[in-house]
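> Need the 3D shape of this:
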Amino acid sequence: MDELVLATSVVSSQWGGEEFGRGMRVLSEAEPIMKLLDERGKCAGTLAYLQADLFIMLPYSPKSILLASGNAFFFGFLDLHQSATGYSSVSWRWQEFFFILKTGPSEGGYLLSCRHPNDEHCAGCVAVGSMRMVQPLDTPEVESCIIVDHESVGQSQVLTLRASSDRLREDWIASIRTMLWA
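Reported below is the predicted structural model:
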């Protein structure tokens, strides 16, 4: 952060920023989701940290699932194992979704999936309160998978998710379990 402040002051002084009575300011926030403001102070975008060294910049969309109703406790890209029905058979494939673990006012929260971080409608939703078990699964292909056993309409259902690394898988499992036990 200190390097960023130093770099902005050097650039500001080269372009005469100090001559106009104010230099460039760098504000630091510790939140995983931040609003990006334009020169008039209006929201122009969203900066969301997926990991400590990975972020996405999005156009500001206040009605998006990421920003609307409830707090985003944890979020990021995961692959969902889905069936794909063909003409004569059923096959399985991985489909990438943006997942958001949101806290709810009374229900304990939801695991939501959507195609894009700025989507206003989710493609899937699992209430955290309906989850019975969340555990890692190592596959023969050495993939970092997560099994989420939950109940839906009185029946047992299983979600199989795949993270891009073992570390990310453990972060997702810890986040879901934290909400389960809260």
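
> Next, the buried residues of stretch 170-182.
Of all the residues in stretch 170-182, those buried under the rule 16 or more other Cβ atoms under 10 Å are W172, I173, S175, I176, M179. Quick note: C-beta positions are derived from backbone N, CA and C, even for glycine.

> for this protein, what spans make up the helices?
Secondary structure of the chain (DSSP state H): helices located at 2-14, 166-181.

> State the mean pLDDT of the longest one.
The predicted model gives helix 166-181 an average pLDDT of 94.

> so where is the protein shaky, pLDDT-wise?
Applying pLDDT under 70 to the chain flags residues 1-5, 8, 12, 15-29, 84-90, 105-107.

> Please enumerate the strands of it.
33-37, 43-51, 54-59, 72-85, 90-102, 110-114, 124-127, 131-138, 144-152, 155-163 (DSSP state E).

> just to revisit the earlier point, so for L58, which of the helices of the chain sits nearest?
L58 lies closest, by Cβ to Cβ, to one member of the helices of the chain: helix 166-181, at 19.9 Å.

> Name the nearest residue to the residue positioned nearest the centre of the chain, sequence neighbours excluded.
What sits nearest the mean C-alpha location of the chain, by Cα atoms, centre = their mean, is F75, with 2.0 Å. Leaving aside its chain neighbours, F75 sits nearest to I100 (4.4 Å; criterion: Cβ to Cβ, 6 or more residues apart in numbering).

> what's across from the one you found in the sheet?
Taking DSSP bridges as the rule, I100 bridges to F75, L112.

> For D138, see how far away it is.
Per Cβ to Cβ, to the nearest Å, I100 is found 25 Å from D138.

> What of S83?
For S83, the distance to D138 (Cβ to Cβ) stands at 22 Å.

> hang on, the earlier thing: for the residue nearest to F75, what are its contacts?
The contact partners of I100, by Cβ atoms under 8 Å, 6 or more residues apart in numbering, come to I65, L66, A72, F74, F75, L111, L112, S113, C114.

> and if you look at A72?
By Cβ under 8 Å, 6+ apart, the neighbours of A72 are P32, I33, L66, I100, L101, K102.

> Then Q157?
Residues near Q157 by Cβ under 8 Å, 6+ apart: D149, H150, E151.

> now it, which residues is it bridged with?
H150.

> What residues does S113 make contact with?
When contacts are counted by Cβ under 8 Å, 6+ apart, S113 touches L80, F97, F98, F99, I100, C122, A123, G124, C125.

> Out of the residues you listed, the closest to C43 would be?
Using Cβ to Cβ, the contacts of S113 come closest to C43 at I100, 19.2 Å.

> M34 versus that closest one, what's the distance?
As judged by Cβ to Cβ, I100 and M34 stand 16 Å apart.
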